[in-house]
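Student: Predicted coordinates and the sequence they were generated for:
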Amino acid sequence: MTNTAPRYDRVQIILHWLIALIILGMIGLGLFMVELPKQSELPPGEESVRAFYFLLHKSMGISVAFLILARVVWRLTHKAPALPDTISKWQQKAAGAVHGLFYVLMVAMPLSGFMQSTYSKYSTKFWGIKLPRLAEADQGMRELYSQIHECLAFVLIALIVIHLAAVIKHKLAGSGISERMSLK
């Protein structure tokens, strides 16, 4: 059986996989770095590497935010292929909802992280370049955005699991969805 389903264009596919890989890396990095001891928690003479990983996470977050912006603009100007008719209407609606939520989270995650960083007592750096401070340090606001960022991260993780389960299900069922996102 030949799959004649329309495919995503090359730009959409590249942005999808590039953003997905960066986000997966950032999730792993985020879960790792928050467990590292702060400088004040270490014995005298030992240095914490925590700041390095936080700066890396922030730089990656700002970078992926630009890629997400490019993806949103591209997506608004380039229609996604329709799902195959072999997928039930409720699954098509669920897929649309999941993809919509992905876009909301892909915008909300870097924004909440940036706001958390904005209200921190530390400067925000983008690959070593100190960015202008948009607000004064505020512990309460930093904690609020930190909680929002963390909650959004766990929602994103759950959504990724749902997305991967759907891809596996449809790949096993032979619906051709996975072929729409491959670089063949």
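Tutor: Nice, thanks for sending it over. All values derive from a computational prediction rather than experimental measurement.

Student: Can you tell me the centre-most residue of the chain?
Tutor: Residue closest to the average C-alpha location in the chain (Cα atoms, centre = their mean): Ile23, at 4.1 Å.

Student: so that one is in which element?
Tutor: helix 10-33 (DSSP states H and E).

Student: buried sites along that helix?
Tutor: If you call a residue buried by 16 or more other Cβ atoms under 10 Å, then helix 10-33 has these buried ones: Gln12, Ile13, Leu15, Ile19, Ile22, Ile23, Met26, Ile27, Leu29, Gly30, Met33. Just so you know, the C-beta spots here come from the backbone N, C-alpha and C atoms, and that holds for glycine as well.

Student: Equivalent analysis for stretch 148-164, please.
Tutor: For stretch 148-164, burial by neighbour count (16+ other Cβ under 10 Å) applies to Ile148, His149, Leu152, Ala153, Leu156, Leu159, Ile160, His163.

Student: What are the phi and psi values at Lys125?
Tutor: The phi and psi values for Lys125, taken as degrees, to the nearest 10, are phi -120, psi 140.

Student: which residues does it bridge with?
Tutor: Following DSSP bridges, Lys125 is listed with bridge partners Lys130.

Student: Isn't it up against Ser59?
Tutor: Yes: Lys125 is within contact range of Ser59, at 7.0 Å (criterion: Cβ atoms under 8 Å).
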